[in-house]
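J.: kindly generate the corresponding structure for this input.
(3 chains)
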Amino acid sequence: MYDYIIIGAGINGCFLAHELSKYDLDVLVLEKGPDVASGATMANSAIIHPGHDPKPGTLKAKLNVRGNELYPSVCKEMDAAFRQTSAFVVATNQEELAVIHTLHEQSQTRNVPSEILDRAQAIYLEPNLSDNVIAALNLPSTGIITPWEVAFNLMEEAILNDVKLYLDTKVLSIIARPKTCYIDAKSGDSRYAYEVITGKGNFIGSNIINAAGVYADEIYSMLNPIDKFTITSRKGEYFILDKLPEPLVSRVIYPIPSSKGKGVLVVPTIHGNTLLGPSSEFIDDKNGDFTDTETLEYVRSQVKKTVKNIPFNKAIKTFAGLRPTGPTGDFIIEESFDFPGFINIGAIQSPGLASAPAICEYVMDTIIEKQVILKEKKTYIKRTKLPILYKMADSEKQKLWKENPSYGKIVCRCEHISEGEIIDSIRRPLGATTLDGVKKRVRPSMGRCQGSFCQPAIIEILASELNISVEEVKLYNEGSNVVIKGESN
Amino acid sequence: MKIEMPCIVCPNSCNLEVEYEEENGQKKIVSVSGHLCDRGITYATDEITHPMRMITTTIKITGAHIARLPVILSDEIPKELIFNVLTEIKKIKVKTPVNEGDILLENILGTGVNLLASRSLL
Amino acid sequence: MREHELIVIGGGSAGLAAAIGAHKNGLKDILIIERADELGGILLQCIHNGFGLHAFGEELAGPTYAERWIYKLAETSIQVKLNTSVISITKDHIVSYSSKEEGYAKAKGKSIILAMGCRERPRGAIAIPGYRPAGVLTAGTAQEYVNIKGYSIGKKIFILGSGDIGLIMARRLTLEGAEVVGVAEIMPYSNGLPRNVKQCLDDYDIPLYLNHTVTFIDGHDRVSSITISKVDDNLMPISGTEKTFEVDTLLLSIGLIPENDLSEIAGIKLSPATKGAFVNNELETSVPGIFSCGNVLHVHDLVDYVSKEGESAGESAANFVLGKSNDKSESIDVECSSDFGYILPSKINILGDSPVEFMYRIKKPMRDVTIGIYSGDNLIRKTKKKTLLPSIMEKVLIEKAKLGESDIRIAIIKEESI
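T.: Residues are numbered from 1 along each chain as shown, chains lettered A, B, ... in the order given. I've put the predicted structure just below:
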């Protein structure tokens, strides 16, 4: 029997798995996708919002501010990139100026650093702000990360500390076992244990953490079809621009928020690209992460309102992400009343990423502490850093090359990623098994050619490292094989 | 009858104007214009009376750093024979060394056309 | 750090010719840096014929054309580093590179020739809507998979874009047993050579949908279908005109872009029209002693012209190193009217007496037009053209004496657009 079964290896599942791995607990993580961070964690704005805009009194407000506080140290500890870029909320008319003032006051009451800049001050810092901008609310504590990097690193360390991770494992049903099955260590009371039925076997846990993103409602309703909640997918479509000789913006640029959220943003990324988006539309299909002409056009027209000189001809990719939206507008983070030991972490839409470390802290402090005895492990293994050559000085690179010549062979010409790094990404404890997995870990194919040059090489490295045929190598999902067996083979 | 056709002989892609007559199912060229070289006339005549095509493809090779050897025909073949000739070509496999211009298959299907290696793989 | 008289970045058709051209003109210490495991560049996967009519007077397959140049190179003292990637170039000609053999190293060139070629525009460049399944790839990548590695990339294929690589791959995949169900082209004309439309599509009854683009890619894992729509005059899809094709693969042949990442690092000025460097009539970039040729300068239609341009760049680099270059203090600018995509060179040194070869492309197809080249207000060359196509790079050679000392401009004198 596992102490905890975590359903979903998104950013929240990863934070909790990592935290629980520090204690003498048996932890299992079940993930439907072929890799960790394959849902909302993969496709979002990658911003660590400062916590200026959630409604007062919500969990969102509290956890966003706390999450923003925690990120710099979390990222440092996990060897993940974090950059405090600051952000502007820009106003283009008097009405919007009033909103900025309200947000400023709200920020002040939350101890979120903020100041109002006039047009001249704002333009001085961000020369590409649109001509309509009359003022900006500066939010200096805003940061950016690479979300899946944080998730991978957390989960990898969790695995090193005996957390079990099953990928490609979809939960089919959950059964509450009779009340005699689980005896609470603290109170001595007996209650349900939970059996999780998957395509890859059945697992029993005394506690369940439901961190299944857009599917969190379906997971909970497997157990409790009466008192369920509903998660709706809100789709966001984005453009990614190539690295530019001069950055378009160096801060996150927010328009005035609306009922639909924070609006369509212009965001610098950790690796020097620019993200434009997201749109915000409710959709019925939880698999409906496709882009469409009208929405992409909408994103184009919206970003022009806050930023000018956007080189749309430098777009290298478009994508869509689904945000899990709940019924109340706030996060759902609670232990089920009817099913003790079953924790729902649902409706973690924006600012979910920014709140993630605080959500983990909150769940630990308010729920888990009461459920189990937390005894720290005697030995805890830190993960080793992944060498990232493009960040290194030549002397460091040369040192690595002497240890292993494959660090000298560049495979991805756009991002300068070596064969050695690609092999590392596959051989790591939480190693890549797909083309996207390699790309997310060490970035080949992230650049301007989007893999048209390096994919044929990476596919062969993957095949050789995984000891499979080239035809078996997948882009991502089951069935997403890139080359197929043909007569000519 | 007068028609326009792009010449496919070389990348110049001359736009040919071809006039021809048809008698008892037999086509006869009256005039060709728009060509930069005389090969255009030959092409237009062939294209109207019996179209010819060059084909290139690859065959399996072992012992080389790449999996396929590119190959080319020594001359054009009748267009309608393309897939039959390909079937013959796909039957063969070669081993290194191969030199550019080596004959890999002779007189394919009695056309008098040979299959040549279009690169060396040593 | 080793210093060479010339470092050529790239050992494809432009780089090979550039090194040979420099050698012919007196340089001895020349180094070619090539990232692949052999010389020849993209020609090695272009197994179709049609190369070499100008350079060798016969029609060769791509690999054969490359091999001819590689043999020429073998007769010289030109050195080659294979499997070596250049990471950066500086204004003062320091080239940083890396390889398994040497690790991270530097070399200096008295002169440098950029011959890195071009890359294909990916799906994201034109924001094709839909899901992001496997089975969407550029035509050049498909060409490498099929022609070099011998893999099959799909059974039922649709192609977006009628550039030459797309057309060539339509035939190639048909010959390999795949079913190519159609080619869509957003423009009202093909972007490939007319002969390729004829022998790659018409011969195999593959329909070409002009004024159409792909408006949806369906499939969660592998492509399951694609939808095309007719576009209006502003190239925007017209709703109600959708046609859906059940295919497992979408090939993209939607344009080539000179690969100037390294040129940007070196601070070389790039032209928004060609996406290549601004060069003078000696193919020298804005950084003295760095020259550019082939598809990294502008995307060519024929490899023979790439080779020719490469040889010229080699000659210029040799003159630069040997102190035979003309004084560049006085130059005239070259520009084109809005009917043209671009004209090269963009600058001409007044001194020197070699004739200047201008290369230009028209923006849209035209028929029965007269092209005028002006020196200031003086018409110095008039050329009648029966047809002008965007897919074809036009060339015109003008004696130096005729060019004069005023800026040069190319424009259409009379036109009847088709």
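J.: what about C:Lys382, which SS state?
T.: strand (DSSP: H, G, I helix; E, B strand; the rest coil).
J.: right, and it touches C:Gly372 too?
T.: Yes: contact criterion C-beta atoms under 8 Å: C:Lys382 and C:Gly372 qualify, at 5.6 Å. Every C-beta, even on glycine, is put in place using the N, C-alpha and C of the backbone.
J.: spit out the residues that contact these two alike.
T.: Shared contacts of C:Lys382 and C:Gly372 (C-beta atoms under 8 Å, 6 or more residues apart in numbering or on different chains): C:Ile413.
J.: quick one, which of those two is more surrounded?
T.: C:Gly372 (17 against 10; other C-beta atoms under 10 Å in any protein chain shown).
J.: what are the phi and psi values at that one?
T.: Note on C:Gly372: backbone dihedrals following degrees, to the nearest 10 are phi -110, psi 140.
J.: same thing with A:Ser445?
T.: The phi/psi pair for A:Ser445 (degrees, to the nearest 10) is phi 80, psi 0.
J.: excluding its backbone neighbours, what's nearest it?
T.: For A:Ser445, ignoring the flanking residues on the chain, the nearest one in space by C-beta to C-beta, 6 or more residues apart in numbering or on different chains is A:Gly451 at 3.2 Å.
J.: quick one: pLDDT of the one you found?
T.: Predicted confidence (pLDDT) at A:Gly451: the value is 90.
J.: one more: A:Ser488?
T.: A:Ser488 is given a pLDDT of 48.
J.: care to break chain A down by domain?
T.: Here the domain parsing of chain A from automatic domain parsing is A:2-40+A:148-230+A:328-371, A:87-140+A:232-323, A:389-472.
J.: same question, chain B
T.: B:2-50, B:56-117.
J.: which stretch in the ones you listed is the model least sure about?
T.: By mean pLDDT, the lowest-scoring of the domains of chain B turns out to be domain B:2-50, with a mean of 85.
J.: returning to what we had before: let me have the domains of chain B in CSV, extended by mean neighbour count and distance to chain C.
T.: Shown next, in CSV, are the domains of chain B (neighbours: other C-beta atoms under 10 Å in any protein chain shown; distance: least, C-beta to the nearest C-beta, whole Å):
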stretch, mean neighbour count, distance to chain C
domain B:2-50, 16, 3
domain B:56-117, 17, 4
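J.: over to residue 71: give its phi and psi.
T.: Just so you know, I chose chain A. According to degrees, to the nearest 10, A:Tyr71 has phi -50, psi -50.
J.: how close does it get to chain B?
T.: Applying C-beta to the nearest C-beta, to the nearest Å, the value for A:Tyr71 to chain B is 48 Å.
J.: downstream of the biggest helix by length in chain B, the next helix or strand is which one?
T.: Assignment by DSSP state H gives helix B:39-49 as the longest helix of chain B. The helix or strand immediately downstream of helix B:39-49 is strand B:52-53, counting by DSSP states H and E.
J.: what is that next one packed up against?
T.: strand B:77-78 (3 or more C-beta pairs under 8 Å, 6 or more residues apart in numbering or on different chains; DSSP states H and E).
J.: can you list the residues that contact the strand it packs on?
T.: With C-beta under 8 Å, 6+ apart as the test, strand B:77-78 has contacts from B:50-55, B:85, B:108, B:111, B:113.
J.: quick one: strands adjacent to the helix or strand where A:Ser173 lies?
T.: Here A:Ser173, judged by DSSP H and E, is contained in strand A:171-183. Note on strand A:171-183: by DSSP bridges, its sheet partners are strand A:190-198 (antiparallel).
J.: list the buried residues of the partner strand.
T.: Using 16 or more other C-beta atoms under 10 Å in any protein chain shown as the burial criterion, the residues of strand A:190-198 that qualify are A:191-196, A:198.
J.: restrict it to CA atoms and write it as PDB.
T.: As requested, the backbone C-alpha atoms of strand A:190-198 are provided in PDB (Å, rounded to 0.1, in the frame of the first residue of the first chain):
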ATOM      1  CA  SER A 190     -10.000   3.200  10.500                       C
ATOM      2  CA  ARG A 191     -11.100   4.600   7.200                       C
ATOM      3  CA  TYR A 192     -11.200   3.900   3.400                       C
ATOM      4  CA  ALA A 193      -8.100   3.000   1.400                       C
ATOM      5  CA  TYR A 194      -8.300   3.600  -2.300                       C
ATOM      6  CA  GLU A 195      -7.600   1.200  -5.100                       C
ATOM      7  CA  VAL A 196      -6.600   2.900  -8.400                       C
ATOM      8  CA  ILE A 197      -7.300   0.800 -11.500                       C
ATOM      9  CA  THR A 198      -5.100   1.600 -14.500                       C
END
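J.: average pLDDT across that strand?
T.: Mean per-residue pLDDT for strand A:190-198: 92.
J.: now stretch C:341-353
T.: 90.
J.: in it, what counts as buried?
T.: Counting neighbours by 16+ other C-beta under 10 Å, one finds that the buried residues in stretch C:341-353 are C:341-349, C:352.
J.: what residues of stretch C:235-248 count as buried?
T.: C:237, C:245, C:247-248.
J.: can you get me the start-to-end distance on it?
T.: 26 Å (C-alpha to C-alpha, to the nearest Å).
J.: so how far is that stretch from its chain's centroid?
T.: Put simply, stretch C:235-248 sits 30 Å off its chain's centre (C-alpha atoms, centre = their mean, to the nearest Å).
J.: stretch C:150-157 now?
T.: With C-alpha atoms, centre = their mean, you get 26 Å for stretch C:150-157.
J.: re the thing from before, just the ones of the buried residues of stretch C:341-353 in strands?
T.: Assignment to strands by DSSP state E places the following of the buried residues of stretch C:341-353 there: C:341-344, C:347-349.
J.: just the terminal-to-terminal distance for stretch B:68-79.
T.: One end of stretch B:68-79 to the other measures 25 Å (C-alpha to C-alpha).
J.: what residue, apart from its backbone neighbours, is nearest C:Thr249 spatially?
T.: Per C-beta to C-beta, 6+ apart, closest to C:Thr249 is C:Gly154, 2.9 Å.
J.: do you know the pLDDT at the one you found?
T.: Looking at C:Gly154, its pLDDT stands at 96.
J.: which phi and psi does residue 87 have?
T.: Let's take chain A. Main-chain torsions, A:Ala87, degrees, to the nearest 10: phi -150, psi 150.
J.: nope, chain B
T.: The phi/psi pair for B:Thr87 (degrees, to the nearest 10) reads phi -60, psi -40.
J.: ok, the one 5 residues further on next?
T.: The phi/psi pair for B:Ile92 (degrees, to the nearest 10) reads phi -100, psi 150.
J.: tell me the spacing between it and C:Glu75.
T.: 33 Å (C-beta to C-beta, to the nearest Å).
J.: repeat that for A:Arg428.
T.: 49 Å.
J.: more neighbours: those two, which one.
T.: Per other C-beta under 10 Å, whichever of A:Arg428 and C:Glu75 has more neighbours is A:Arg428, with 17 against 9.
J.: what does the pLDDT read for the closest residue to chain B within the stretch 251-400 of chain C?
T.: Nearest to chain B in the stretch 251-400 of chain C, going by C-beta to the nearest C-beta, is C:Leu302, at a distance of 5.2 Å. Note for C:Leu302: predicted pLDDT of 90.
J.: can you check the one 10 residues further on too?
T.: pLDDT for C:Ser312: 96.
J.: let's verify it: helix, strand, or coil?
T.: C:Ser312 - assigned by three-state DSSP - is helix.
J.: that one: what's it in contact with?
T.: C:Ser312 sits next to C:21, C:282-283, C:293 when contact means C-beta under 8 Å, 6+ apart.
J.: distance from stretch A:1-12 to the middle of the chain?
T.: For stretch A:1-12, the distance to the chain centre is 16 Å (C-alpha atoms, centre = their mean).
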